[in-house]
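In: give the three-dimensional model of this entry:
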Amino acid sequence: MAKDKTMCSGCHDDYYNRTQDGGCWMFAAAKVVERMSVGTWQNPPYIWTPRKVLSCRTVQGSSLIKKDDPRVVKDDVAAEEWAARTR
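Out: Down below sits the predicted model:
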């Protein structure tokens, strides 16, 4: 998937695409990556549900985490095992 400015929609820094000549200064160096959005109110474990986003994306009230984060599991069974280990 090729990056484009539509991927900036909803990003905290998207403000700069609308107000500055050339748009956001981070767009040129950004790469398309797989991340999972986790709200600040959610508790681990997190079941991996990825989406394609830009590497520079920031969203208030949530974090974008990588698949190799130790709190990420692949399915419900793994989530139960993770919960049992951390009790």
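
In: what's the one helix or strand residue 35 maps to in contact with?
Out: Assigning secondary structure by DSSP states H and E places residue 35 in strand 32-39. Residues from elsewhere that reach strand 32-39 (CB atoms under 8 Å, 6 or more residues apart in numbering): 1-3, 7, 46, 48-55, 57, 59, 61-67, 72. Where C-beta positions appear, they are placed from N, C-alpha and C, glycine not excepted.

In: do the same with stretch 11-25
Out: By CB under 8 Å, 6+ apart, the residues outside stretch 11-25 that reach it are 5, 8, 26, 27, 54, 56, 57, 58, 59, 60.

In: hey, C-alpha coordinates of it in CSV?
Out: Taking C-alpha atoms only, stretch 11-25 is exported to CSV below (Å, rounded to 0.1, in the frame of the first residue of the first chain):
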residue,chain,number,x,y,z
CYS,A,11,-4.0,12.2,13.1
HIS,A,12,-3.4,14.7,15.9
ASP,A,13,-0.8,16.4,13.5
ASP,A,14,-3.2,16.5,10.5
TYR,A,15,-3.7,20.1,11.5
TYR,A,16,-0.5,21.0,9.7
ASN,A,17,-1.7,19.5,6.4
ARG,A,18,-4.4,22.1,6.4
THR,A,19,-2.5,25.1,7.7
GLN,A,20,1.1,24.9,6.5
ASP,A,21,2.5,25.1,2.9
GLY,A,22,3.6,21.5,2.0
GLY,A,23,1.6,20.0,4.9
CYS,A,24,2.9,18.0,7.8
TRP,A,25,6.7,17.9,8.0
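
In: ramachandran angles for residue 77?
Out: Backbone torsions for residue 77, taken as degrees, to the nearest 10, come to phi -60, psi -50.

In: residue 64 reaches residue 54, doesn't it?
Out: No. When contacts are counted by CB atoms under 8 Å, residue 64 is not listed as touching residue 54 (9.7 Å).

In: which element is the residue nearest in space to the middle of the chain on?
Out: The centroid of the chain falls nearest to residue 64 when counting by CA atoms, centre = their mean (2.5 Å). Element membership for residue 64, per DSSP H and E: strand 62-65.

In: partners of that strand, with directions?
Out: Sheet pairing of strand 62-65 (DSSP bridges) gives strand 32-39 (antiparallel).
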